[in-house]
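Asks: Need coordinates for the below:
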Amino acid sequence: MRGGLSIVSVMAGMFFAAISGSGAATTAAVGSSLVPELRRKGYDPASAASLIAASGTIGVVIPPSVPMIIYAVIAQQSVSKLFLNGFIPGVAMGLGLMAIAIVQAYKRQYPHGTALSLATIWYTFKDASWGLMTPVIILGGIFSGIFTPSEAAVVAVNYALLVSLFVYRDLTPKAIYYVLIRSAITTSVIMLVIAMSAVLSWTLSSWQVPGAIAQAVLSLSENPYVIMLLIVGVILLTGVFIETASALIILTPVLLPLILQLGIDPIHFGLIIVMGLAIGMITPPVAINLYVASSVTRLPLEQITRAIIPYLLGLIGVLLLVLYVPMLMGWSGS
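Replies: Coordinates of the predicted model:
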């Protein structure tokens, strides 16, 4: 179909999300492999990079998810319940991005994909089976309790290294050196943003800004639907300026009592706050996924930021669906 490679990009982001638990890692891994191919096929480079960055937000929603673990610890909720309830919102985010990508593909007359046959699918699946075992090992190990998410990362890296060296034989010792250098550069960009965000979060906390915001929200309305919309606005605004982990540490203790007072399930709220802060990963100035996409693709940040707007609006729409549809249905995460 026309623009099929855009759909592949989003699905790759969703697939990698089930491995990494990190939006930045998803953006870096998928972007470095797919953006050059998207460019080669005639896709707009900035739009391709922004789509990969937007897909990276799914990395913290589809489990395993580092922010979900942070929220669970602070809110004293079940990590496994958050993980199990994170699949559907993550898939919904992916479907929303795919829909926008298809519209853009027809509007910009992107090329059709190559014909697909069952034989090709089987051959490709068989060839990729060693690589496809990675998420099976990670998710299987985590959900069975064999190892923690952090230990899963170590297992995954070692497994991928052995498969690349001895099965596919597409990685040489010299290439490993360049992979490590490139990883260090990408990580340094992320850590610099987090460090600056930590300074800002400390400043806001010392001025008691989150508490003031929560009180202001309560004073505006008594309608739970209106209050939840205002809370989502606060979450999105916080994600613009503060890195995800720092924002969770600041907002969760402030907003959780308010949520419980409204009768909202804390597991449902956990999904909302993680999704809202994930969207912050593509909203400058603290937009880690955009910085990573810019670093991987060597495109100016301004170009990618302009191209991200349709995907940003689409993800906010999905967030509102995840917020209001379960509320109207009286959803419970138990």
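Asks: Could you check how many residues crowd around the nearest residue to residue 47 once chain neighbours are set aside?
Replies: Nearest non-adjacent residue to residue 47, counting by C-beta to C-beta, 6 or more residues apart in numbering: residue 307, 4.6 Å away. Quick note: C-beta positions are derived from backbone N, CA and C, even for glycine. With neighbours defined by other C-beta atoms under 10 Å, the count for residue 307 comes to 22.
Asks: what's the answer for residue 66, then?
Replies: There are 21 residues near residue 66, going by other C-beta under 10 Å.
Asks: isn't it right up against residue 248?
Replies: No. Using C-beta atoms under 8 Å as the test, residue 66 is too far from residue 248 to be in contact (9.8 Å).
Asks: Which strands and helices lie in contact with the helix or strand where residue 35 lies?
Replies: Element membership for residue 35, per DSSP states H and E: helix 23-40. Contact analysis of helix 23-40 by 3 or more C-beta pairs under 8 Å, 6 or more residues apart in numbering; DSSP states H and E lists helix 4-20, helix 45-56, helix 173-206, helix 288-297 as its packing neighbours.
Asks: Quick one: distance of it to the chain centre.
Replies: 14 Å (C-alpha atoms, centre = their mean, to the nearest Å).
Asks: mean confidence for it?
Replies: Helix 23-40 carries an average pLDDT of 83.
Asks: Setting aside sequence neighbours, what's the nearest residue to residue 25?
Replies: residue 59 (6.6 Å).
Asks: quick one: buried residues of the helix holding residue 35?
Replies: By 16 or more other C-beta atoms under 10 Å, the buried positions in helix 23-40 come out as 23-32, 34-35, 38.
Asks: Also stretch 234-251?
Replies: Buried residues in stretch 234-251 (16+ other C-beta under 10 Å): 234-236, 238-239, 241-251.
Asks: Stretch 50-64 now?
Replies: Neighbour counts using 16+ other C-beta under 10 Å place 50-64 of stretch 50-64 among the buried residues.
Asks: Also stretch 303-311?
Replies: For stretch 303-311, by 16+ other C-beta under 10 Å, it's 303-305, 307-308, 310-311.
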